[in-house]
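Asker: Here is a sequence with its predicted model. Questions after.
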Amino acid sequence: MANPWRGDVALVIDGERHVMRLTLGALAELEAKLETGSLIDLVQRFEGGGFGTRDVLALIVAGLRGGGWQGGASDLLSAEIEGGPMGAARAAAELLARAFMLPEGRDAAV
């Protein structure tokens with residue numbers, strides 16, 4: 001079960017439900033794979049709607065790996081993602097938002 005308070009986002013790939021999570025290790029792997037900029041730049045691209053399919057794929061792969069998946073980007077090239085490209089983009093954006101979301105009632109100083 002996907003736990004949003006832990007940063008989980010569910011995604012159905014080829015009919016199988018996967019739980020994605022951006023762990024610290026997954027974030028480090030994601031940052032290493034980014035073509036340009038940092039994680040902050042990636043967040044800004046998503047917030048401004050300036051992200052590309054490469055960004056979406058990198059986030060999906062990092063999230064899947066953070067959830068325990070052992071595959072890579074090449075495994076998703078012909079995969080059927082529920083909701084198509086827009087579903088993948090929504091899941092990637094949600095994954096990124098949850099990774100940096102503070103629990104309710106907490107402020108950044110905690």
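Answerer: Sure, I can see it. Residues are numbered from 1 along each chain as shown.

Asker: Dump the longest helix along the chain to CSV, restricted to CA.
Answerer: When secondary structure is assigned using DSSP state H, the longest helix within the chain turns out to be helix 84-99. Included here for helix 84-99 are C-alpha records, laid out as CSV according to Å, rounded to 0.1, in the frame of the first residue of the first chain:
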residue,chain,number,x,y,z
GLY,A,84,0.0,7.1,-20.6
PRO,A,85,2.6,9.9,-20.7
MET,A,86,0.3,12.2,-18.7
GLY,A,87,-0.2,9.6,-16.0
ALA,A,88,3.6,9.2,-15.8
ALA,A,89,4.1,12.9,-15.6
ARG,A,90,1.5,13.3,-12.8
ALA,A,91,3.0,10.5,-10.8
ALA,A,92,6.5,11.9,-11.3
ALA,A,93,5.4,15.4,-10.1
GLU,A,94,3.6,13.9,-7.1
LEU,A,95,6.7,11.9,-6.2
LEU,A,96,8.9,14.9,-6.3
ALA,A,97,6.4,17.0,-4.3
ARG,A,98,6.0,14.3,-1.6
ALA,A,99,9.8,13.9,-1.3
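
Asker: What residues of it count as buried?
Answerer: By neighbour count on 16 or more other C-beta atoms under 10 Å, the buried set for helix 84-99 is Ala88, Ala89, Ala91, Ala92, Ala93, Glu94, Leu95, Leu96, Arg98, Ala99. In short, each C-beta sits where N, CA and C put it, glycine included.

Asker: Identify, from the residues you listed, the entry nearest to Leu11.
Answerer: Minimum separation from Leu11 among these (C-beta to C-beta) is found for Ala91, which lies at 4.8 Å.

Asker: Show the pLDDT at that closest one.
Answerer: pLDDT for Ala91: 96.
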